[in-house]
Each structure stands twice: as C-alpha cells, then as structure tokens.
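**Q** Just a sequence and a predicted model for now, questions to come.
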Amino acid sequence: MNWFENTLEQIKKPSVPTLGGWCQIGHPASAEIMARAGFSFVVLDCEHGEAEDAGIGDFCRAVRQFDCLPLVRVKENAVLPIRRALDLGAAGIIVPLVNGAEEAAKAVAAAKYPPEGVRGFAFHRGNNWGVDFSEYVKNANKAIAVIVMIESREAVENIDEILQADGVDGVFIGPYDMSGSYGIAGQTDNPLVKEACSTVAIACKKYHKAAGAHIVIPNSENVDSAVKQGFHLLALGMDTVFLANGAKQALEMMQND
Ligand code: 3PY
Ligand code: MG
C-alpha cells in the first residue's frame, strides 16, 4: 500500500471543499463509521478526546479501509506524540495551540526526518514494520501533512510568520480556544472570532496554505460562512456531537408522539 498517495493533494486542494470527520470517543468503530460515510479525512483527537496514543494504529487501520486519510490531532506540540502518531500510520498531524513561528518550526521538526527535522528512524507501522523502510523514508518528509492549529489571538497576530515557517502545510481554526482567547469562551459566532477567522483565511490564500476549520457544531449557516471566508478544509462535527444530537432527537421524537 502506498500510504502517501495524494495525501497532500487531497488536503491542499484550495478550490474544492474537503470534508472530514473528528473523533473524540477513541474507539476505531467511530472512525470506521465516519470514513465509511464518505468523509475525505478523519481526525483522531488525542488532545481533548478519550483516545490514547496506543489507539492510533487501530484508528489508522479503520480509516484506511476506505478512500479516507487518517489525521491525528496530537495531545501537545512535542516530539514524542508527533513521532508516535506518524510511526503508527497517520497521514498527517494536527498540532494544537501553535502561537508563533518558533512553535510552528518545532512541530515541523518533530514530523520530519533529518536533515529537515529530528524525527527518529525505526521500523514501525507507518513503514509496514520495516518492510517498506527505504521507500517510506524517501517519501515521508514531503508527503506527510503538518497542520497547525490557530486558536488564539496571539496566533492570529502572528499568522504571517506561522504560515511562512518551512514545512507548515496549513492550519485548522480551533473556534473554542479562539473564542476563549478573546474573553468570550463559547461564542464561536461572535464578530471578533469571525474577523479573526477571516484574517487567517486571507493569509492562507496569500501563502498558498491549506485553510482548515473545525466546525464543532455544524449547521448550514456556519458551514456556508466558513466556505465564504475561504476555508476549504472543513472538519464537520464530532462523533460525540453526532451521538448526543441523535440520542436527543430520538427521545424528542417519542415525547412528541
Ligand atoms: C477548539 O475549538 O479550540 C478546538 O480545538 C476544536 O477542535
Ligand atoms: Mg482547541
């Protein structure tokens, strides 16, 4: 299997919205259901969800059954979580809370083999336990997606330097942290947050980087607004949100009968 086929192309297609799912439950069944439903990528959330690093291999196995890319939001911007996500087979990493060029460079270094970075060489799931070691090493640095999360006022102020950091392929907006950094936690539709998102989308266009947004509770208005702002990499909802909404709807249906 060619792990890298079209990875960056799919993620960086600027004119076509690329839609993804987001998993916090941490069981491969959630990821499998999302991938089967037709999302182009699915994210495993190791920052805020129940997922542990040890579950990344099963998550990737579940998603790779379909024409779908497994991405991992690592728990923090540190060498080992990033290395483990990639070694276990992720097509790309999403790194939370990147506020400046130095932090962006740190994330990139962790994801790249020397001389570009500090990723360690080994046999692992990503290179088919060593069977495709050389092929993997040859392709990894250019094929793996490094996406940083822009989720603070500081990051918005530093967006130009973050996007100019070598090896950063794109961004994801984290709307809840973003709203919190403006002192309006949870008001993800507040004009301050919308303006911040717009600044980020414009900068992504300028530097030809993927403009991504996690729309945690998607509806036709906020999805439409994100697309109009210029976001094309859209993670829609989460397994937890879908489950909570579905359960609520089922109960409401019975109450209204
Ligand atoms: C945020 O809203 O801060 C997120 O990280 C969503 O994934
Ligand atoms: Mg966040």
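**A** In hand now; what should we look at? Ligands and ions are numbered 1, 2, ... in the order given.

**Q** all contacts plus neighbour counts: C-alpha atoms, from now on.
**A** Fine.

**Q** In stretch 172-188, which residues are buried?
**A** Neighbour-count burial for stretch 172-188, counted by 16 or more other C-alpha atoms under 10 Å, picks out 172-180, 182, 187-188.

**Q** In strands, which of those residues appear?
**A** With strands defined by DSSP state E, the entries of the buried residues of stretch 172-188 inside them are 172-173.

**Q** Helices - which of the buried residues of stretch 172-188 land there?
**A** When DSSP state H is applied, these are split such that 175-180 fall in helices.

**Q** which is the next helix or strand following the helix or strand of the chain with the lowest mean pLDDT?
**A** Across the helices and strands of the chain, mean confidence by mean pLDDT, DSSP states H and E is lowest for helix 7-12: a mean of 63. From helix 7-12 onward toward the C-terminus, using DSSP states H and E, the following helix or strand is strand 18-23.

**Q** tell me which strands and helices that following strand is in contact with?
**A** Using 3 or more C-alpha pairs under 8 Å, 6 or more residues apart in numbering; DSSP states H and E as the contact criterion, the elements in contact with strand 18-23 are helix 28-37, strand 41-45, strand 233-236, helix 239-256.

**Q** how about the residue nearest the centre of the chain, secondary structure?
**A** The centroid of the chain falls nearest to I94 when counting by C-alpha atoms, centre = their mean (4.3 Å). Here I94 is strand, with the state taken from DSSP: H, G, I helix; E, B strand; the rest coil.

**Q** ok, now how distant is it from ligand 1?
**A** Plainly put, I94 is 10 Å away from ligand 1 if you go by C-alpha to the nearest ligand atom, to the nearest Å.

**Q** State the pLDDT value of A104.
**A** At A104, the predicted lDDT confidence score is 98.

**Q** number of nearby residues for it?
**A** A total of 26 residues lie near A104 under the criterion other C-alpha atoms under 10 Å.

**Q** my guess is it meets E161, correct?
**A** No: counting by C-alpha atoms under 8 Å, no contact exists between A104 and E161, whose distance comes to 9.1 Å.

**Q** Tell me if the one helix or strand A203 maps to is near ligand 1.
**A** Assessed by DSSP H and E, A203 sits inside helix 191-206. No: applying C-alpha under 6 Å from any ligand atom, one finds helix 191-206 out of contact with ligand 1, separated by at least 11.2 Å.

**Q** Counting by contacts, list what the helix or strand that that helix is followed by packs against.
**A** Moving toward the C-terminus from helix 191-206, the first helix or strand encountered (DSSP H and E) is strand 210-215. If contacts are counted by 3+ C-alpha pairs under 8 Å, 6+ apart, strand 210-215 sits against strand 170-173, helix 175-181, helix 191-206, helix 220-229, strand 233-236.
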